[in-house]
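# predicted model and sequence below, questions to follow.
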Amino acid sequence: MTVRTEEKSTAKQSEAHAHTKALTEIDRERKWPNVRPRNAATLILLDHEGPQPKVLMGKRHAGHKFMPGKFVFPGGRIENADRRMAALAELHPTVEEKLLKRRLRPSVSRPRALALAAIRETFEETGILLGRKGAVDRVPEGPWRDFVGHGVVPDLSEVHFIARAITPPRRPKRFDTTFFSMDASAIAHRIEGVVTADTELVELVWVPLKEAQHLDLPPITRVVLEELETRQKAGMRNELPCPFYYEVQRKWRREEL
């Protein structure tokens, strides 16, 4: 039994080293003034209807300064409205607990705000509404009014925490990004025509999870997809550890939350 445990530990360390090495080897300019990372969230939608799971990827507009032409998950920064928006059900307690770990300024409202930001950004960028039919009293002005106007309210109990990563210092933009996942069965409504040649995402594609690695991806997106595949094989249990990637002295570190 001890040998098997050691073998599993060695394999796990080897996999983590491969991920951090892949990130460290990406040489990028560090000529910008250092800024504090902004809290952001992104959402990985998975469709399990077919013989193998598919993931939703969006291609960024080629004119963007930040990751032009890359395939990414929908996402963006937290907005004040995300802290005030209601939900039909809250995050799983284990997910909430993990989201509070390793925060310089822990806030009890941040975990749900991050999850809601990911759902809102997915709505704004793709026209996909995730949640259930219902109604709530507390709806802030802005995109959330449009969201619930379709008779849909977020259900945070369906949200899985996959990974967290902080952009290295002295990059033009820095984010402390939380990667969430939801099943496509949580799609309650779709609005057509949101993605066009002039929007932030110019194309949406459902790609088999294994084939997504062949797209033109940012390094961290590639690593998170690998983490997601590993998590899928382990049953997507909320109790599973979630990787946290950050850089120290030009070397990426992988910590488990």
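Happy to help now that I have it.
# got the phi/psi numbers for the residue nearest to Thr94 when sequence neighbours are not counted?
Here the nearest residue to Thr94 in space, its sequence neighbours aside, is Asn238; by CB to CB, 6 or more residues apart in numbering that works out to 4.4 Å. Bear in mind the C-beta positions are built from the backbone N, C-alpha and C, glycine included. Main-chain torsions, Asn238, degrees, to the nearest 10: phi -60, psi -20.
# equivalent analysis for Ala184, please.
For Ala184, the backbone dihedrals (degrees, to the nearest 10) come out as phi -60, psi -20.
# and if you look at the one 10 residues further on?
Note on Val194: backbone dihedrals following degrees, to the nearest 10 are phi -70, psi -40.
# also Trp252?
Torsion angles, degrees, to the nearest 10, at Trp252: phi -80, psi 140.
# wait, doesn't it sit right on Val223?
No. Counting by CB atoms under 8 Å, Trp252 stays clear of Val223, with 9.0 Å between them.
# please give me every residue in contact with the residue nearest to Thr94.
Contacts for Asn238 (CB atoms under 8 Å, 6 or more residues apart in numbering) come out as His92, Thr94, Val95, His160, Phe161.
# just Phe73 next, same as before
Neighbouring residues of Phe73 by CB under 8 Å, 6+ apart: Thr42, Leu43, Ile44, Leu45, Leu56, Met57, Gly58, Phe179, Thr221.
# can you tell me the closest non-neighbouring residue to Arg83?
That would be Ala113: by CB to CB, 6+ apart, it lies 4.6 Å from Arg83.
# buried stuff in the helix or strand that Trp144 is a member of?
Trp144 belongs to helix 143-148 when assigned by DSSP states H and E. Under the neighbour-count criterion of 16 or more other CB atoms under 10 Å, helix 143-148 has Pro143, Trp144, Phe147, Val148 buried.
# ditto for stretch 209-229
209, 212, 215, 217, 219-229.
# just to revisit the earlier point, among the contacts of Asn238, which are in helices?
The helices, defined by DSSP state H, take in Thr94, Val95 from these.
# just curious, which of the contacts of Asn238 is nearest to Gly134?
His92 (19.1 Å; CB to CB).
# distance check, the closest residue to the closest one other than its chain neighbours against Leu99.
Closest residue to His92 apart from its sequence neighbours, by CB to CB, 6+ apart: Asn238 at 4.9 Å. Remark: distance between Asn238 and Leu99 (CB to CB, to the nearest Å) = 11 Å.
# ok, now Lys251?
Going from Lys251 to Leu99 by CB to CB gives 25 Å.
# the more surrounded of those two?
Neighbours were counted for Lys251 and for Leu99 using other CB atoms under 10 Å; Leu99 has more, 25 against 10.
# where do the contact lists of Asn238 and Leu99 overlap?
Listed as contacting both Asn238 and Leu99 by CB under 8 Å, 6+ apart are Phe161.
# so where's the stretch 1-150 of the chain shaky on pLDDT?
Scanning the stretch 1-150 of the chain for pLDDT under 70 picks out 1-18, 20-30, 62-68.
# the one residue sitting closest to the centre of the chain bridge partners, please.
Against the mean C-alpha coordinate of the chain, by CA atoms, centre = their mean, the closest residue is Phe179 at 2.3 Å. Counting by DSSP bridges, Phe179 is bridged to Thr42, Ala163.
# where does it land on pLDDT?
The score at Phe179 is 98. That number is its pLDDT.
# circling back: so which helix or strand takes in the residue nearest to Arg83?
Assigned by DSSP H and E, Ala113 belongs to helix 110-126.
# swap in Gln232?
Gln232 is located in helix 219-233, with elements delineated by DSSP H and E.
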